[in-house]
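Visitor: The sequence isn't on hand, but the structure is:
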């Protein structure tokens, strides 16, 4: 079996020093055809020099961490080249991770840290040393890179392979959706910057970003690239209403029940949640019946004040539609008129009695009117107790400046902010950046994100069912645990058929499990994220999950044993000894968990579903 010890002494160094002396001796000796022997010596000297250069380059590569930088022009040129050549996106510089790299990794992991080659510490402590260090960096360092002097991560992971390539992420693979995992500061947002920049410059793609942290650099990058391409940039941030667009999260739906579902899912599970859904559903259907357009403000109004006015309008319309134009002149006329003189509530009671006697009793009623009547006649105290669980949330979303942003008034001509919805954004190929200030107002921001993503899911379903030509929609959700809901799970399940490509990020699987409430739901979500880009992880459970997903390989392990022996009868200088050396195969994870804990900033492992595994480094965009 072939086995290479990458950390043995550089034995080639001594022949390299001897060969020049030999060559000079041959040339001055005057021997016949000495020039031919000298040329042979030069060839052997060159071979030794190349071997020494490779050994030193490898050792310097694993001893130094680097950060890549790329000008925006070069990034776009690389993107165009890779798109034409392999229909893929650029994800920095790296190499395909194979058994060879696992072999080297295990050799290093079994070594004492002090045995791993590194630059002498004295270099950076003196002016001369720093000059020498800079020359070494220029000699051995990769192009367009600077030293990474941050303490996080091990330098040798990226340096194990000197033949780097442009890491491709194929567009066809993106339809399987992608997980971007990493601890705080590992580089998730910078990864998203590289991805979103390329999406914006692909004229076929629509980009929707949900960023709970509202990263200012990411937002500026997206805005700048939209300006370069002439695409419409839309910014939504509830904490910055004067910079924000207005966005109606209840604009798109296929079934009326979707609207109360989006509100009810924001509440904790339980009986009150089910009753709140029931009452909101009745009000929404009542609004649609009388020709109104439901929004958060109208739903709050009916939840607080009751649906008496809505029931009145609904009954009047129902009577006219069913040919009862003279309903006030019928046998209950006196009752109704008397009720009208007393108060409106009695009037509604009279209208309800007429409806029940003339229509509902003969199975000629309408389910919407039946639902409104059931709510109207429900015990008021019990109704308020049930609906109280939904009122605080509706109050936060539907009142004040937030209400004007999420339930925009189209006839408010003094408000010059544009009104958008997800379907309109997709049709016009605009770019939406939703910055959610979750640090200062976490409850409201989670609710906004959840409702916006529900609207995305509704549009996704409409595209899947009714669009002949599917648009390419890239949906990026940072910190998925802040916004996950049933609709997002449906996007991951069925979004591919509608042309959706989702990128979601988290720091640990536990965040997702805590939000969803059980491990089965978490595994359902993870099962739909067929590609994984994993930066440095602190969570061992997530690291073990990814390592298991990548699979196993076999490495060669060298076992060396020595023994000496002597007997009491033998001479003092007589002894016997033996040495044995064996190579065995050992099954190990292709990517050890230790490596996932030791990645430097902006470095990652990427697994494409059913394809290759890469180790790469995300560049920092300049310009």
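Guide: Right, received. Where do you want to start? If you're wondering where the values come from, they're calculated on a predicted model, not measured in any experiment.

Visitor: Could you look up the SS state of residue 475?
Guide: On the three-state scheme (DSSP: H, G, I helix; E, B strand; the rest coil), residue 475 is labelled strand.

Visitor: And for it, the neighbour number?
Guide: Here the count is done by other C-beta atoms under 10 Å, and residue 475 has 24 residues near it. In short, each C-beta sits where N, CA and C put it, glycine included.

Visitor: Surely it touches residue 502?
Guide: Yes - here residue 475 reaches residue 502: they are 4.7 Å apart, a contact under C-beta atoms under 8 Å.

Visitor: between the two, what contacts are shared?
Guide: Each of 491, 495 lies in contact with both residue 475 and residue 502 under the rule C-beta atoms under 8 Å, 6 or more residues apart in numbering.

Visitor: got the buried residues for whichever strand or helix holds residue 18?
Guide: With secondary structure defined by DSSP states H and E, residue 18 is part of helix 13-29. For helix 13-29, the buried set under the neighbour-count rule, 16 or more other C-beta atoms under 10 Å, comprises 16, 19, 23, 26.

Visitor: so what's the second one up against?
Guide: Residues touching residue 19, when contacts are defined by C-beta under 8 Å, 6+ apart, comprise 41, 44, 45, 48.

Visitor: one step back: which helix or strand lies directly C-terminal to the helix holding residue 18?
Guide: Past helix 13-29, further along toward the C-terminus, the next helix or strand under DSSP H and E is helix 34-61.

Visitor: Please work out the angle formed by the directions of that next one and helix 13-29.
Guide: Comparing the axes of helix 34-61 and helix 13-29 via axes from the mean of the first three to the mean of the last three C-alpha atoms, to 10 degrees yields an angle of 160 degrees.

Visitor: Show residues contacting stretch 189-200.
Guide: Contacts made with stretch 189-200 from outside it, assessed by C-beta under 8 Å, 6+ apart, are listed as 72, 75-76, 79, 89-92, 180, 182, 205, 207, 209, 213, 215, 217-218, 221-222, 225-226, 229, 231, 431, 474, 476, 478, 503, 505, 533, 535, 602, 604, 618-621.

Visitor: Sorry, wrong one. I was asking about stretch 236-245.
Guide: Judged by C-beta under 8 Å, 6+ apart, the contacts made with stretch 236-245 from elsewhere in the structure are 214, 234-235, 247, 401-402, 404-405, 417-420, 432-437, 440-441, 444-445, 448.

Visitor: So which of those residues are in strands?
Guide: In strands, defined here by DSSP state E, the members of the contacts of stretch 236-245 are 234, 235, 247, 419, 420, 432, 433, 434, 435.

Visitor: My read is that residue 434 contacts residue 207, right?
Guide: No - here residue 434 does not reach residue 207: they are 11.3 Å apart, not a contact under C-beta under 8 Å.

Visitor: what do these two both touch?
Guide: When contacts are counted by C-beta under 8 Å, 6+ apart, the set common to residue 434 and residue 207 is empty.

Visitor: Filter the contacts of stretch 236-245 down to just the buried residues.
Guide: 214, 234-235, 247, 402, 404-405, 417, 419-420, 432-437, 441, 444-445, 448.

Visitor: Start and end of stretch 410-428, how far apart?
Guide: Across its full length, stretch 410-428 reaches 19 Å end to end, with C-alpha to C-alpha, to the nearest Å as the criterion.

Visitor: Can you name the residues that contact residue 488?
Guide: By C-beta under 8 Å, 6+ apart, the contact list for residue 488 reads 453, 457, 477, 480.

Visitor: whoops, I mixed them up, residue 479
Guide: Residues in contact with residue 479 (C-beta under 8 Å, 6+ apart) are 212, 213, 438, 505, 506, 507, 511.

Visitor: how does it look with 6 Å?
Guide: Residues near residue 479 by C-beta atoms under 6 Å, 6 or more residues apart in numbering: residue 212.

Visitor: With residue 290 instead?
Guide: Contacts for residue 290 (C-beta under 6 Å, 6+ apart) come out as 313, 314, 317.

Visitor: ok, the residue nearest to it when sequence neighbours are not counted to residue 151 distance?
Guide: Once flanking residues are discounted, residue 290 sits nearest to residue 313: 4.7 Å by C-beta to C-beta, 6 or more residues apart in numbering. Per C-beta to C-beta, to the nearest Å, residue 313 is found 68 Å from residue 151.

Visitor: When those two are compared, which one has more neighbours?
Guide: Neighbours around residue 313 and residue 151, counted as other C-beta under 10 Å, are more numerous at residue 313. The numbers are 18 against 7.

Visitor: can you pull the pLDDT of the more buried one?
Guide: Looking at residue 313, its pLDDT stands at 93.

Visitor: Residue 96 contacts residue 612, correct?
Guide: Yes - in this structure residue 96 lies within contact range of residue 612 using C-beta atoms under 6 Å: 5.2 Å.

Visitor: which one of the two has more residues nearby?
Guide: Taking other C-beta under 10 Å, residue 96 and residue 612 do not tie; residue 96 has more neighbours (16 against 12).

Visitor: how close does residue 458 sit to residue 465?
Guide: Residue 458 sits 11 Å away from residue 465, going by C-beta to C-beta.

Visitor: These two: which is more packed in?
Guide: Neighbours per residue (other C-beta under 10 Å) separate residue 458 from residue 465, with residue 458 holding more: 25 against 10.

Visitor: same for the stretch of helix or strand the more buried one belongs to, what does it pack against?
Guide: Under the criterion DSSP H and E, the helix or strand holding residue 458 is helix 442-466. Counting contacts by 3 or more C-beta pairs under 6 Å, 6 or more residues apart in numbering; DSSP states H and E, the secondary-structure elements packed against helix 442-466 are helix 422-427, helix 486-494.

Visitor: Not counting its own residues, what contacts the first one?
Guide: To tie it back to what came earlier, the one meant is helix 422-427. Contacts of helix 422-427 (C-beta under 6 Å, 6+ apart): 206, 252, 432, 455, 456, 459, 471.

Visitor: Quick check: buried residues in it?
Guide: Of the residues in helix 422-427, those buried under the neighbour-count criterion (16+ other C-beta under 10 Å) are 422, 423, 424, 425, 426.
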